[in-house]
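Enquirer: Sequence and predicted structure are below.
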Amino acid sequence: MVVRAAVAGASGYAGGELLRLLLAHPGVEIGALTGNSNAGQRLGALQPHLLPLADRILEPTTAEVLAGHDVVFLALPHGQSAAVAEQLGEGTLVVDMGADFRLKDAGDWEKFYGSPHAGTWPYGLPELPGARQALKDTKRIAVPGCYPTAVSLALVPAYANGLAENDAVIVAATGTSGAGKALKPHLLGSEVMGSMSPYGVGGGHRHTPEMIQNLSAAAGEKVTVSFTPTLAPMARGILATCNVKAKPGVNAEAVRAAYEKAYADEPFVHVLPEGQWPATASVYGSNAVQIQVAYDESAQRIVVISAIDNLTKGTAGGAVQSMNIALGLDEATGLSAIGVAP
Ligand SMILES: NC(=O)C1=CN([C@@H]2O[C@H](COP(=O)(O)OP(=O)(O)OC[C@H]3O[C@@H](n4cnc5c(N)ncnc54)[C@H](OP(=O)(O)O)[C@@H]3O)[C@@H](O)[C@H]2O)C=CC1
Ligand SMILES: CC(=O)N[C@@H](CCC(=O)OP(=O)(O)O)C(=O)O
């Protein structure tokens, strides 16, 4: 089976990473490629690493251009997907890499994104309990945010196994590509090189409600999340340090056993051997997730560290993995868990 896929937002970082993966996918033929301000440009001028597509011309992002494809990926800014998606036929598989359909709670959406809530689609993080079943045969997929991917995979086993108190403290470092290609003064090389800086401190980051949604579903009760993102001088990668108070009676063996069992059969999530720690360089350009867990006995806290590539497992790889499930393909088709080092 070969499906024809269109990519809206092909000039951006997420769209570019998606095309890199789709070029290596045996079941996908690449159809229309669209942009906004760059419509009319050669893709090669904007994504010079995508050599086989260099002479393709970006078209405007309209329902007419995106019609007639089996799959449409939307790699557009927040709030832009819903209007496009509603014009695409019900028989088309629409994979939204933006945030529009991730949250279930309309109040959360309005508070953090400041616009009316468009709805909720099956969530494209297959490793979460029940997620694969919801993705099978679906025609609509909401790909998670990059931080919620790293954090949910790190903490869901602790909550699903009743090991952690209902209070998570998370500090995560990200590469600059997470902010997209649009020019932003705080992302100038001279501001970022040789420096790390926090942002969205104090509960303001829009990924916080998405983390709460995922962790609360695993815990069976509302989990409190304090999330602090930081910007690191690298292009790609997220390193999330997740710290939770352990429930009474928990010990190091129980924690380790829960994580090893949770991810034993997962093709992309690797619980590292004891003493080895996740690093963004190890997952660069791959769909892999590295996890290490430690029990801090003196503080009675569980510390889980995860590393992903924000553009791969955190966006485009997660999108392809979820598409594969929806189409009934092997979940790992076209994806690699092998990183690039050094
Ligand atoms: N970067 C990341 O790590 C992650 C990104 N995502 C999501 O992916 C989506 C794209 O992000 P990213 O690629 O980083 O952003 P970029 O800024 O790099 O790219 C944005 C893309 O959307 C197009 N675009 C901009 N405005 C409009 C509009 N009004 N209508 C239609 N198209 C428009 C741009 O076209 P043009 O350049 O031609 O103007 C470009 O192709 C976002 O929703 C983001 O949340 C999700 C997880 C992680
Ligand atoms: C450095 C930086 O700004 N990172 C982005 C990462 C979020 C992201 O890309 O995810 P979604 O846009 O899909 O929600 C941020 O913190 O907003």
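Expert: Done, it's in. Ligands and ions are numbered 1, 2, ... in the order given.
Enquirer: Domain boundaries for the chain, per the record?
Expert: 3-144+313-327, 147-311 (automatic domain parsing).
Enquirer: of all these, which lies closest to residue 337?
Expert: domain 147-311 (4.2 Å; CB to CB). No exception for glycine: its C-beta is placed from N, CA and C like everyone else's.
Enquirer: what are the phi and psi angles of residue 165?
Expert: phi -70, psi 160 (degrees, to the nearest 10).
Enquirer: thought it was touching residue 243?
Expert: No - Residue 165 lies out of contact with residue 243 (CB atoms under 8 Å); the separation is 11.2 Å.
Enquirer: Out of the domains of the chain, which gets nearest to ligand 1?
Expert: Among the domains of the chain, domain 3-144+313-327 comes nearest to ligand 1, with 2.0 Å by CB to the nearest ligand atom.
Enquirer: start to end distance for the closest one?
Expert: 9 Å (CA to CA, to the nearest Å).
Enquirer: Contacts only, for the residue in the chain that ligand 2 sits nearest to.
Expert: Residue of the chain nearest ligand 2, by CB to the nearest ligand atom: residue 178 (2.9 Å). Residue 178 sits next to 146, 238, 310, 314 when contact means CB atoms under 8 Å, 6 or more residues apart in numbering.
Enquirer: In helices, which of the residues you listed fall?
Expert: Cross-referencing the contacts of residue 178 against helices under DSSP state H gives residue 146.
Enquirer: Now rank the contacts of residue 178 by neighbours and give me the top one.
Expert: residue 314 (30 neighbours; other CB atoms under 10 Å).
Enquirer: returning to what we had before: take the domains of the chain and lay them out in TSV including distance to residue 336.
Expert: Listed next are those as TSV, based on distance: least, CB to CB, whole Å:
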stretch	distance to residue 336
domain 3-144+313-327	8
domain 147-311	5
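Enquirer: want to throw those domains into a markdown table with mean pLDDT?
Expert: Formatted as a markdown table, the domains of the chain follow (pLDDT from 0 to 100):
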| stretch | mean pLDDT |
| --- | --- |
| domain 3-144+313-327 | 97 |
| domain 147-311 | 97 |
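Enquirer: and stretch 146-159 with ligand 1, contact?
Expert: Yes - counting by CB under 6 Å from any ligand atom, ligand 1 is contacted by stretch 146-159 at residue 146.
Enquirer: mind listing the helices for the stretch 201-342 of the chain?
Expert: Taking DSSP state H, counting those that start in this stretch to define them, one finds helices in the stretch 201-342 of the chain at 208-219, 252-263, 280-283, 317-327.
Enquirer: what packs against the last one?
Expert: In terms of contacts (3 or more CB pairs under 8 Å, 6 or more residues apart in numbering; DSSP states H and E), helix 317-327 is packed against helix 13-22, strand 71-74, strand 93-96, helix 131-135, strand 140-142.
Enquirer: now with 7 Å?
Expert: helix 13-22, strand 93-96, helix 131-135, strand 140-142 (3 or more CB pairs under 7 Å, 6 or more residues apart in numbering; DSSP states H and E).
Enquirer: Residues of the stretch 51-200 of the chain that sit close to ligand 1?
Expert: 61, 75-78, 80, 97-99, 145-146, 177-178, 180-182.
Enquirer: One more pass at 8 Å, please.
Expert: 58, 61, 74-78, 80-81, 84, 97-99, 143-146, 174-175, 177-182 (CB under 8 Å from any ligand atom).
Enquirer: Can you flag the buried ones in the residues you listed?
Expert: By neighbour count, with 16 or more other CB atoms under 10 Å, these hold 58, 61, 74-76, 78, 80-81, 84, 97-99, 143-146, 174-175, 177-178 as buried.
Enquirer: Which of those residues fall in strands?
Expert: Using DSSP state E, the members of these that fall within strands are 74, 174.
Enquirer: circling back to that earlier point, what's the closest of the helices and strands packed on helix 317-327 to residue 214?
Expert: helix 131-135 (9.7 Å).
Enquirer: The closest one packs against which elements?
Expert: helix 317-327.
Enquirer: List the contacts of the helix it packs on.
Expert: Contact with helix 317-327 is made by 3, 18, 21, 25, 71, 73, 93, 95, 97, 124-126, 132, 135-138, 141, 143-144, 149, 287, 330-331, 333-335, as judged by CB atoms under 7 Å, 6 or more residues apart in numbering.
Enquirer: Which residues are in contact with residue 272?
Expert: Residue 272 neighbours (CB under 7 Å, 6+ apart): 278, 290-292.
Enquirer: measure it to residue 168 for me?
Expert: Noted for residue 272: a distance of 21 Å to residue 168, by CB to CB, to the nearest Å.
Enquirer: Check the contacts of residue 178 one by one and keep those near ligand 2.
Expert: 146, 310, 314.
Enquirer: ok, now how distant is the residue nearest to the second one when sequence neighbours are not counted from residue 127?
Expert: In space, and not counting its chain neighbours, residue 310 is closest to residue 146: 4.0 Å by CB to CB, 6 or more residues apart in numbering. Using CB to CB, we find residue 146 at a distance of 15 Å from residue 127.
Enquirer: interface residues of this structure facing ligand 2?
Expert: 14, 78, 97-99, 102, 143-147, 174-180, 184, 187, 199-200, 205-207, 210, 229, 231, 310, 314-315.
Enquirer: now with 5 Å?
Expert: Proximity of the chain to ligand 2, by CB under 5 Å from any ligand atom, involves residues 99, 145-146, 174, 178-179.
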